[in-house]
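1. Fold the following.
(one chain, ligands or ions: 1)
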Amino acid sequence: MQYRKLGKTGIQISAVSFGSWLTFGKQIENKIAETLMHTAYDAGINFFDNAEIYSRGQSEIVMGNILKKAAWPRSSYMVSSKVFFGYEDSKPNQTGLSRKHIMEGCHAALKRLQVDYIDLYFCHRPDKQTPIAETVWAMNTLIQQGKILYWGTSEWSAQEILQAHIEAARHNLMGPVMEQPQYHMFEREKIEKDYLHIYQYEGLGTTIWSPLASGLLSGKYNNGMPTDTRLNIEGMDWLKERMFVEGRIEKIKKLAALATELGISLPVMAIAWVLKNEHVSTAILGASKLQQLEENLKALDAVPLLTDEVIEKIETILENKPVQPQF
Ligand code: NDP
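-> A predicted model of the protein is given here:
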């Protein structure tokens, strides 16, 4: 395993990590979740990602039980949660980034995960109704209380992250140190363009979600809709619509041919492509089956195969390289 610095923090995070969205407490049996966590940990993964909204708290309960049973040294891994979408109903104050929901959300997540502190605590989305200063103060309080170690954002705009830094500096508080954006071959703007200024002036760790575009970049949807997969689960039509953008499957077929030329599988090439970006601290892997995780864990070894020439070929297929701002 390779470990990377999480932005400007002193934390070392495994270049690939493991997350539980849609799988733990929902798509897969708890026994499989346990096997996946152990396989990840044994491979050197030291970060497990979670959120209050995942299966409305069930995902954290499943992960908490596995962590408790495994009894790994607490210092050998990091666990996250995310606050915003809530875990109960959506009554006023049960969602969002007010001090009230941040405090209550954190206390509930600590109980479900059965840990004394959460290593990385994320604001799962920006909250347009709550002043950013209130959120920064609440996160700083949780750090002072020892309930979380670091806080960050997920899918915040560059302006919102910078505003949080301004508020933190103004009041001498701890600002956000990491962001969790979607990043894969079809989703590039935030990581490759929007955040450039923040990497340079504030430092920013990134924990990447959906490196395979929910499995689309595994190539298994190239010839129709397989059964027993995420995009086929009842209620996932919204995700299917987002992923099946016109033209993607044609490009994925070309990418698959390139991966074959390199002697690797398409998912391995797609994750290696994410890991090649120097601004990526960790790519969070998702898996519903052991075989998928074992395959995806090969991605780090495949990064050197992505030479300038190969990257150029990928760019020619994708035709979506973000245009850099002219200063
Ligand atoms: P991916 O894009 O890698 O999708 C993972 C899914 O793709 C698997 O569950 C599996 O689904 C399929 N898959 C994975 N590997 C293979 C393979 N080798 N061959 C075939 N199919 C494969 O990642 P996720 O979307 O799961 O995101 C990873 C993590 O990121 C999440 O668990 C969560 O922790 C985090 N996340 C954060 C978000 C945020 O807003 N901050 C949003 C979303 C995720 P199946 O078998 O069902 O087809």
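2. Most proximal residue of the stretch 1-150 of the chain with respect to the ligand?
-> Minimum separation of the stretch 1-150 of the chain from the ligand (Cβ to the nearest ligand atom) falls at residue 19, amounting to 2.1 Å. No exception for glycine: its C-beta is placed from N, CA and C like everyone else's.
3. The closest residue to that residue other than its chain neighbours: neighbour count?
-> Spatial nearest neighbour of residue 19, chain neighbours left out: residue 49 (3.7 Å); criterion: Cβ to Cβ, 6 or more residues apart in numbering. For residue 49, the neighbour count with other Cβ atoms under 10 Å is 26.
4. so what's the spatially most central residue of the chain bridging to?
-> The residue lying closest to the centre of the chain (Cα atoms, centre = their mean) is residue 209, at 3.2 Å. On the basis of DSSP bridges, residue 209 is bridged to residue 182.
5. Count residues in the vicinity of the residue in the stretch 151-300 of the chain that the ligand sits nearest to, would you?
-> Here the residue of the stretch 151-300 of the chain nearest the ligand is residue 286; by Cβ to the nearest ligand atom that distance is 2.1 Å. The number of residues packed near residue 286 is 23, by other Cβ under 10 Å.
6. Which residue lies closest in space to it, excluding its sequence neighbours?
-> Closest to residue 286 by Cβ to Cβ, 6+ apart is residue 19, at 5.4 Å.
7. pretty sure that neighbour is in contact with residue 208, am I right?
-> No: Residue 19 lies out of contact with residue 208 (Cβ atoms under 8 Å); the separation is 10.1 Å.
8. anything in contact with each of those two?
-> Contact with both residue 19 and residue 208 is made by residues residue 284, according to Cβ atoms under 8 Å, 6 or more residues apart in numbering.
9. what are the ranges of the helices in this protein?
-> Assigned by DSSP state H, the chain shows helices spanning 30-42, 58-70, 99-113, 132-144, 158-171, 189, 196-201, 237-243, 248-262, 266-276, 290-296, 299-302, 308-318.
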